[in-house]
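[1] fold the stuff below for me.
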Amino acid sequence: VQLVESGGGLVQPGGSLRLSCLASGFFFSDYVMGWARQEPGKGLEWVSGFYMNGSTYYTDSTKGRFTISRDNAKNMMYLQMNSLKFEDTAVYYCNLEQFPYGVRYAYWGQGTQVTVSS
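    Next up, the predicted model:
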């Protein structure tokens, strides 16, 4: 499984960005995907994702501002980020996890930098 993120960049506070993640390679039908981010010198923070039943979750700081979506036919996942704040600055990573035969496999993209600055 390979994951490639795109769409990061420099944006002013209050602006918007749309991140994309393309998944390729073989993966089982039962998997979950999500977005995580990491600020310099800090740990990984889960931002948003899909549960196995297709429902979504968001971290409290992004609720109402970020929207996750996916296009299964294209193996794409998106993160629409609106009303961006300074504290959203981080490297954003795409994640896919699958559990064939009860064994967890986790895959990560290379990350895309989001910088919110005036």
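[2] what's near enough to touch the closest residue to G9 other than its chain neighbours?
    Closest residue to G9 in three dimensions, ignoring its sequence neighbours and counting by C-beta to C-beta, 6 or more residues apart in numbering: L17, at 6.3 Å. C-betas here are computed from N, CA, C, even on glycine. For L17, the contact set (C-beta atoms under 8 Å, 6 or more residues apart in numbering) comprises G7, G8, G9, V11, M81, L84, V114.
[3] give me phi/psi at L17?
    The phi and psi torsions at L17 (degrees, to the nearest 10) take the values phi -140, psi 150.
[4] ok, now S29?
    Backbone torsions for S29, taken as degrees, to the nearest 10, come to phi -70, psi -30.
[5] about what we covered before: which of the contacts of L17 sit farthest apart?
    Taking every pair in the contacts of L17 and measuring C-beta to C-beta, the maximum separation is 12.6 Å, between G7 and L84.
[6] who has more neighbours, the two?
    Between G7 and L84, counted using other C-beta atoms under 10 Å, the more crowded position is L84 (20 against 16).
[7] hang on, the more buried one packs against L10?
    No. Assessed by C-beta atoms under 8 Å, L84 is found out of contact with L10, at 10.5 Å.
[8] list the contacts of R104.
    Counting by C-beta under 8 Å, 6+ apart, R104 touches E97, Q98.
[9] need the buried ones from the contacts of L17 selected in ChimeraX.
    Here is the ChimeraX command that selects only those of the contacts of L17 that count as buried (16 or more other C-beta atoms under 10 Å):
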select :7,8,11,81,84,114
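[10] looking at the contacts of L17, which are in strands?
    Among those, the residues falling in strands (DSSP state E) are G9, V11, M81, V114.
[11] can you redo the residues you listed as JSON lines with distance to K63 and pLDDT?
    Written out in JSON lines, the entries for these read as follows (distance: C-beta to C-beta, whole Å; pLDDT from 0 to 100):
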{"residue": "G9", "distance to K63": "23", "pLDDT": "97"}
{"residue": "V11", "distance to K63": "19", "pLDDT": "98"}
{"residue": "M81", "distance to K63": "12", "pLDDT": "98"}
{"residue": "V114", "distance to K63": "18", "pLDDT": "98"}
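[12] alright, I will stop here.
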